Every structure is written in C-alpha cells, then in structure tokens.
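Q: Need coordinates for the following:
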Amino acid sequence: MKKEEFRRALKPIADGLFGKQGAVRYERPHFAVRPLERMLRDLTAIPLEDQYAYAFSREPLNGKFNDEQRKKWTAQAIGCGREYAKKICSSYGVTAPEALAQAMGLEVLYPSFPENADRVLFAEFREPGNINIYMDAVKKAEKFLKRPEIKTVLTDRLDVAGLLLAHELFHFVEEKYKKEIFTKQEKIRLWSLGPLHNDSSIIALSEIAAMAFAQTVTGISWSPYVMDVFLVYGYSPEEASGLYEEMMMYAGREPCAPEQETL
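A: Numbering: from 1, shown residues only. Next up is the predicted model:
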C-alpha cells in the first residue's frame with residue numbers, strides 16, 4: 001500500500017483503528033475539527049472500564065448483548081489482560097515490549113505501510129509469530145509528541161511503537177494460551193437445535209484485553225483506546241474529531257466545542 005492509498009483508505013475510515021474488530025466501513029459525515037490537546041485531555045480522563053460501549057460498538061455480534069453483559073465481560077476482559085501481562089513479564093523477566101517479543105521468539109518488522117489492506121492498519125499480528133508495526137503513522141504521532149502540551153497529556157511513558165507492539169503481543173499470547181484464556185474460552189451460543197449448536201467467540205473481548213495488556217506492560221495511566229484518535233489525527237484531524245465525538249458519546253460525556261487550531 002502506497003502513501004496515497006493509505007490516505008484514501010481513511011475515506012471512509014474504518015472503525016476501531018487501533019482495536020481493529022472487522023467492523024463494516026461506511027461514509028462518515030463531516031465533523032468540526034477539535035484541538036488535539038483538548039481531545040486527548042478529555043479521552044485520557046476516561047477509564048478503560050468506561051469505554052466498554054465504544055469497544056463493543058465494533059463487535060459484529062453487539063446487537064445480541066445487553067449492557068449488563070457488556071459491562072461484566074469488559075471487567076473480565078480487563079482482568080484477563082492485566083493478569084497475562086504480569087504473568088508474561090514475570091515468566092520472561094523483562095517488561096519492555098521489544099524485549100518481550102524477542103524473548104517469545106516473535107519476528108517484529110517496521111515497514112512504513114501495509115503491503116495490501118482493505119482498511120487502515122497501524123499494527124497487526126500474523127500467525128504464527130509475526131508482528132508488523134507500520135511506521136508512517138508512528139512517525140506522525142511522534143512529531144505531535146514534540147509539542148510540550150501534547151507530551152504533558154500523554155506523558156513520557158508513551159512509546160508509540162512500543163504501545164502498538166504490546167497490544168499485538170497479547171494476540172500472540174491469546175493463541176499460546178487459547179485452551180485456557182478467558183478471551184478464547186468465553187463464547188456466546190448463536191443457535192441450538194437438539195444436540196447441534198453454534199457457539200461464537202466475542203471479538204471485542206480480545207481487543208479490550210489487549211488494551212489492558214498493553215496498558216499494564218507499558219505503564220501508561222490512560223486507556224490505549226486514546227490512540228485511535230491520536231494516530232488518526234496525523235492523517236485527518238476531521239476524522240479524528242469524529243472518532244473523538246463518538247468515544248465521548250459512548251462514555252456519556254460531552255465533547256468539547258470546536259475551535260481553530262494551527263496544525
């Protein structure tokens with residue numbers, strides 16, 4: 001995928017760019033651009049637990065659940081991500097995402113763009129043991145981090161590539177422990193007919209757990225879902241503002257008023 005193709009892929013933008021869950025693409029309406037610093041301040045104030053509705057809005061089976069189920073599963077998925085982050089770091093005696101990947105025998109590559117994708121990707125895990133971190137988005141984000149006001153919000157703990165890597169590491173861990181891990185074992189029964197039945201995994205649980213895993217490994221205090229807006233902003237402040245509005249709405253919070261900002 002070339003740079004121009006990557007930019008075009010943002011129109012229409014795919015849902016859940018960092019926590020990619022195979023949502024349907026659609027044409028977004030236009031959004032008023034918000035200042036990046038203000039959006040980040042608002043979003044970093046939302047605990048991971050309170051982003052359950054946004055996370056599940058990317059779930060293909062979301063219509064089959066009620067809010068009580070979503071909240072319960074979110075708490076369990078967050079607990080799962082944190083538990084395995086501590087377990088893996090303790091097992092290998094390292095905490096840095098790059099060191100963990102090396103210790104687990106994973107191949108990590110850092111190309112600029114995906115070779116071929118029908119949606120925007122910032123990072124991806126490919127079985128059996130490959131992770132790609134796409135650096136064009138990372139470099140754009142790192143330029144914003146040079147702004148003192150942005151760095152103050154996201155803090156010195158943020159290593160953009162490291163956070164993306166930590167998220168993808170969880171998906172490898174999921175496969176390694178798939179016979180026992182909550183995100184693989186929890187199922188929903190879609191239908192049953194006598195002895196026959198069809199049970200399905202809940203994709204949102206994997207993404208929520210991966211966020212909790214990445215948060216624990218990297219030591220950031222805020223929810224990694226913030227990266228959806230932060231990474232998109234480098235390509236389209238308007239699309240990032242639309243995601244911000246959506247995340248605030250799902251969290252039951254009021255978005256800030258649009259303002260002028262020099263990019």
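Q: Give me the below-cutoff pLDDT ranges for the stretch 101-250 of the chain.
A: Applying pLDDT under 70 to the stretch 101-250 of the chain flags the ranges 117-119.
Q: For it, just list every one of the helices.
A: For the stretch 101-250 of the chain, the helices defined by DSSP state H, counting those that start in this stretch occupy 135-144, 148-154, 160-176, 182-185, 203-218, 226-233, 237-250.
Q: Compile those helices into JSON lines and extend it with columns for distance to Tyr110 and mean neighbour count.
A: C-beta here means a position set from N, CA and C on the backbone, and glycine is covered the same way. Shown next, in JSON lines, are these (distance: least, Cβ to Cβ, whole Å; neighbours: other Cβ atoms under 10 Å):
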{"stretch": "helix 135-144", "distance to Tyr110": "5", "mean neighbour count": "18"}
{"stretch": "helix 148-154", "distance to Tyr110": "21", "mean neighbour count": "16"}
{"stretch": "helix 160-176", "distance to Tyr110": "7", "mean neighbour count": "23"}
{"stretch": "helix 182-185", "distance to Tyr110": "27", "mean neighbour count": "19"}
{"stretch": "helix 203-218", "distance to Tyr110": "17", "mean neighbour count": "26"}
{"stretch": "helix 226-233", "distance to Tyr110": "15", "mean neighbour count": "26"}
{"stretch": "helix 237-250", "distance to Tyr110": "23", "mean neighbour count": "21"}
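Q: do you know which of the ones you listed lies nearest Arg58?
A: Arg58 lies closest, by Cβ to Cβ, to one member of the helices of the stretch 101-250 of the chain: helix 203-218, at 6.4 Å.
Q: Check the gap between Leu165 and Thr218 for me.
A: Counting by Cβ to Cβ, to the nearest Å, the gap from Leu165 to Thr218 is 9 Å.
Q: In contact with the nearest residue to Met247 once chain neighbours are set aside, which residues are there?
A: Spatial nearest neighbour of Met247, excluding adjacent residues (Cβ to Cβ, 6 or more residues apart in numbering): Tyr54 at 5.1 Å. Neighbouring residues of Tyr54 by Cβ atoms under 8 Å, 6 or more residues apart in numbering: 225, 246-247, 250-251.
Q: picking that back up, what's the closest of the helices of the stretch 101-250 of the chain to Pro111?
A: Pro111 lies closest, by Cβ to Cβ, to one member of the helices of the stretch 101-250 of the chain: helix 135-144, at 6.9 Å.
Q: How about residues contacting that closest one?
A: 3, 6, 36, 110-113, 122, 150, 160-161, 164, 230-231, 233-235.
Q: Repeat the analysis, applying 7 Å as the threshold.
A: 3, 6, 36, 110-113, 122, 150, 160-161, 230-231, 234 (Cβ atoms under 7 Å, 6 or more residues apart in numbering).
Q: re the thing from before, for the residue nearest to Met247, what is the enclosing helix or strand?
A: Element membership for Tyr54, per DSSP states H and E: helix 52-56.
Q: Keeping just the C-alphas, turn that helix into PDB.
A: Output in PDB follows, covering the C-alpha atoms of helix 52-56 (Å, rounded to 0.1, in the frame of the first residue of the first chain):
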ATOM      1  CA  TYR A  52     -17.000  -0.700  27.100                       C
ATOM      2  CA  ALA A  53     -19.700   0.800  24.900                       C
ATOM      3  CA  TYR A  54     -17.200   2.100  22.400                       C
ATOM      4  CA  ALA A  55     -15.300  -1.200  22.400                       C
ATOM      5  CA  PHE A  56     -18.500  -3.200  21.900                       C
END
